[in-house]
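Q: Show me how the following folds:
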Amino acid sequence: MTDTPLDYATAGVDTAAGDRAVELMKSAVAATHDSTVLGATGGFAGMVDASALLGMEKPLLATSTDGVGTKIAIAQAMDVHDTIGQDLVGMVVDDIVVIGARPVLMTDYIACGHVVPERIASIVTGIARACEATGTPLIGGETAEHPGVMEPDDYDIAGAATGVVDASELLGPERVADGDIVIAMASSGLHSNGYSLVRSVVSRVGASLESHVAEFGRTLGEELLEPTRLYTRLCLDLVERFGVEGIHAYSHVTGGGLAANLSRVLPVGAVATVDRSTWTVPAVFDWVRRGGDVTWVGMEDSLNLGVGMVAVVSASVASEVTAAATDVKAGSLRHDPFAMLPFCGYNMADYWGHWLEMQDKLGEGFPKVYQVNWFRKDEDGNFMWPGYGDNSRVLDWIVRRAAGEVEAIDGVTGRYPKFEDFNLAGLDIDEAIWAKLFAIDPDAWAAEMDDTEEYFSQFGDKLPAAITEQLAKFRERIAAAKQA
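A: Now for the predicted structure:
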């Protein structure tokens, strides 16, 4: 028994740390706000102006809530906390997009054993970046400290989003008809499902998250932390362009795999034929299968196997839908030009050589959008594949570097940003920004260019002229930066 008086701090709750976390995340959260958001960050309730609903005949509110599962354990083990926020947004927002609802707000919840301001801010900043990319205002959240219930370094996150769709624009099984075409949109990897299985495989094979895996071109941990691809803008853009007469349903491929989720948007009695031979399963899935001796049935029941979203569309617009999803400039903030490929789930970030093979097979039906990826060589001389980082993150990184908001890097410093985290390619931005970017460390960029050109040289005369032209343009930009 002691006479020492107790207070909230001695009980394990650090309110000052919580306040510090809010200050650190405030600017990132504010960046998600548009003219519909009322009030400042930190109020009791977040508010949005719902006047736009007055123009709808019968507005329907859609809501979804989710978390990111045990993928959090990978983030904690690697001490990388700025990527799982995108996973959260993907799991929540893209679940309401499938019915045609446009997101109008999101809130988040973080429970932790002990508030570390920088860590909490990193998590929320990741959420905010993804909210900004999807056009979803992040209008509120809660960070709850649970001493004695959770270990100091433990945390869990959850989120909820609300969207709106006019009843006449609602997507779903009722619109699906005989003869519709099923189009797969490639995933960026494991996304946020099946991690209890994945972590069991990692434990069984005794793999280190820091170990380099040649087939991934990066470490195991980096591959497992790859953020969920965001389909929000792409899906909504397609509905806006082709209407509900063309776009009938979307299926977000999350827990349960492709078959179980596709069946959720099919009318009773309908059967969808999915040809597994039309896409290449990304390497990470085969690594899981081999490491855990998992059956293909077990894989299909728990993982997306390379397909993260499915569109069920009218056959009359199928080719146009595919073209609309690929015929955009690399670097567009609207959507990733490699998010959808013709009638299959090819992930362009798999193997570039395989892309060339498929181009030969599919001819004119293959997308003609080319993107130069930066490559690095590891200490053994193996090429490291750039990450799947979506173009909105790339542009954000470029602008932040040009503004001096992130430190100059020597090529491999830190998790964010790293050269290999991003696909830097033909971005349609002002040349002045390129000049500022390359001026930060032109010698490091020149070394990157050497590795990149060496990688692409192996393809010889099969290399498309568009790629050669972009490589030459980047070399000119770097040379100009060195002379400046």
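Q: can you give me the helices for the stretch 1-150 of the chain?
A: Listed in chain order, the helices of the stretch 1-150 of the chain (DSSP state H, counting those that start in this stretch) span residues 15-30, 71-78, 84-97, 117-134.
Q: Let's have the ones you listed in JSON lines, adding mean pLDDT.
A: As requested, those are exported to JSON lines (pLDDT from 0 to 100):
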{"stretch": "helix 15-30", "mean pLDDT": "77"}
{"stretch": "helix 71-78", "mean pLDDT": "94"}
{"stretch": "helix 84-97", "mean pLDDT": "96"}
{"stretch": "helix 117-134", "mean pLDDT": "90"}
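Q: now stretch 312-330: mean pLDDT?
A: In this model, stretch 312-330 carries a mean pLDDT of 71.
Q: now do stretch 178-185
A: 88.
Q: Likewise for stretch 31-40?
A: 80.
Q: Buried ones in that stretch, by neighbour count?
A: Going by neighbour count (16 or more other Cβ atoms under 10 Å), the buried part of stretch 31-40 is Thr32, His33, Val37. For every residue, glycine as well, the C-beta is placed using N, CA and C.
Q: Would you mind measuring from the closest residue to the second one other than its chain neighbours to Glu118?
A: With Cβ to Cβ, 6 or more residues apart in numbering as the criterion, His33 has its nearest non-adjacent residue at 5.3 Å, and that residue is Pro137. Distance from Pro137 to Glu118, counting by Cβ to Cβ, to the nearest Å: 24 Å.
Q: For Pro147, find the nearest of the helices of the stretch 1-150 of the chain.
A: Between Pro147 and these, the shortest gap by Cβ to Cβ is with helix 15-30, which sits at 11.9 Å.
Q: List the buried residues for that closest one?
A: If you call a residue buried by 16+ other Cβ under 10 Å, then helix 15-30 has these buried ones: Ala17, Arg20, Ala21, Val22, Leu24, Met25, Lys26, Ala28, Val29.
Q: Measure how it sits relative to helix 84-97, angle-wise.
A: Comparing the axes of helix 15-30 and helix 84-97 via axes from the mean of the first three to the mean of the last three Cα atoms, to 10 degrees yields an angle of 50 degrees.
Q: between helix 15-30 and helix 117-134, how many degrees?
A: When the same axes, to 10 degrees is applied, the directions of helix 15-30 and helix 117-134 differ by 20 degrees.
Q: tell me how far helix 15-30 is from the chain's mean position?
A: Mean C-alpha position of helix 15-30 versus that of the full chain (Cα atoms, centre = their mean, to the nearest Å) differs by 24 Å.
Q: Counting by contacts, list what that helix packs against.
A: helix 117-134, strand 138-145 (3 or more Cβ pairs under 8 Å, 6 or more residues apart in numbering; DSSP states H and E).
Q: Let's see that with 6 Å instead.
A: In terms of contact count using 3 or more Cβ pairs under 6 Å, 6 or more residues apart in numbering; DSSP states H and E, helix 15-30 is assigned the packing partners helix 117-134.
Q: residues making contact with the helix it packs on?
A: Judged by Cβ atoms under 6 Å, 6 or more residues apart in numbering, the contacts made with helix 117-134 from elsewhere in the structure are 17, 20-21, 24-25, 28-29, 31-32, 81-83, 85-86, 88-89, 93, 106, 108, 138, 143, 230, 232, 392.
Q: moving C-terminal of the one helix or strand Glu454 maps to, what's the next helix or strand?
A: According to DSSP states H and E, Glu454 maps onto helix 442-457. Stepping forward along the backbone from helix 442-457, the first helix or strand reached (DSSP H and E) is helix 465-483.
Q: how about low-confidence regions in this protein?
A: 1-3, 6-8, 10, 40-42, 325-434, 436-437, 440, 455, 459, 462-467 (pLDDT under 70).
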